[in-house]
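Engineer: Below is the sequence, then the predicted model.
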Amino acid sequence: MGDYNYRKFSADRYDLDSYGGPRPGDKAPDFALHTVDGHSHKLLDFDGDFLVLETGSITCPLFQSRRKGMETLVKRYPETAFRILYVREAHPGQNRPQHSGEADKTANARALQQDKEGRLILVDTFEGAAHKAYGSYPDAVVIINRNGCVVYASEWNNPAATGRALAALKAGKPAGRAGLFLPARPPAAIRALKGAGKGAAADFLRSLPGLVWSNLVKRNLRVLSGRAPKVQPDTRC
């Protein structure tokens, strides 16, 4: 798997056959993190009925592609807390290389916030303690209830599926199965990789065939053939 803050992206940086993050019914791991302004903030310190937590970085085409969809959910559900866990750069390049320290990570998270990102961004530790606990994927999403329990988890965020899960939970029903993997929208992907700088797009394209097979085919088949968890919205863990 190599170093956590890798210099170049390759598909083998991720275990795409086995998601290691918390599953529905598990206790959500809590961490002491900080905002882009340097204020301390516990990961599970939130107001509202649920917390929707998405991992992401400014160089991740998938995360960038999901932002408009997540913005729609934020507006639709004002009583729900939405947070971003800022993790390592998914596709580092010349403009935004691998993090060399906490300051780099915070600066990139601040740049994301300045790019009209309205959700609260929590910056992970340099070595990704929270990211590792939540599965180490670049654009995962979990929904956590007021008891600190995970009631929905998907290693790849699909805003439409996340929205359906949240609607079901608010109606007192289990969230259902994880969302299907959808490729990044080309405009968002191009923007993210161009912003990352030289090297990011080439590394991404080299791994693209394997990523398509692992996620669009194998992973989606696993989701479709699996059983949806029956975890209740108010479950205790």
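Structural biologist: Everything's here; your move.
Engineer: Got the phi and psi for the residue most central in space within the chain?
Structural biologist: For the chain, Thr55 is the residue whose C-alpha lies nearest the centre (C-alpha atoms, centre = their mean; 2.5 Å). Here is the backbone geometry of Thr55 (degrees, to the nearest 10): phi -80, psi 150.
Engineer: same question, Tyr152
Structural biologist: Backbone geometry at Tyr152, expressed as degrees, to the nearest 10, gives phi -160, psi 140.
Engineer: For beta bridges, what are the partners of it?
Structural biologist: Ile143 (DSSP bridges).
Engineer: Would you enumerate the residues in contact with it?
Structural biologist: If a contact means C-beta atoms under 8 Å, 6 or more residues apart in numbering, then Tyr152 has 24, 141-143, 162, 165-166, 169, 175-176, 178 as its contacts. All C-beta atoms are positioned from the backbone trio N, CA, C, and that covers glycine.
Engineer: Look at Leu112 and give its secondary structure.
Structural biologist: Leu112 carries the three-state label helix when classified by DSSP: H, G, I helix; E, B strand; the rest coil.
Engineer: Return the distance of it relative to Gly176.
Structural biologist: The spacing between Leu112 and Gly176, counted by C-beta to C-beta, to the nearest Å, is 29 Å.
Engineer: So which of the two has more stuff around it?
Structural biologist: Remark: of Leu112 and Gly176, Leu112 carries more neighbours, 22 against 17, as counted by other C-beta atoms under 10 Å.
Engineer: can I assume the more buried one is in contact with Tyr86?
Structural biologist: Yes. Between Leu112 and Tyr86 there is a contact at 7.1 Å, judged by C-beta atoms under 8 Å.
Engineer: what do the two both touch?
Structural biologist: 56-57, 121.
Engineer: Turn those residues into TSV, columns for pLDDT and distance to Arg206.
Structural biologist: What follows is those, written out as TSV (pLDDT from 0 to 100; distance: C-beta to C-beta, whole Å):
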residue	pLDDT	distance to Arg206
Gly56	98	22
Ser57	98	19
Ile121	98	30
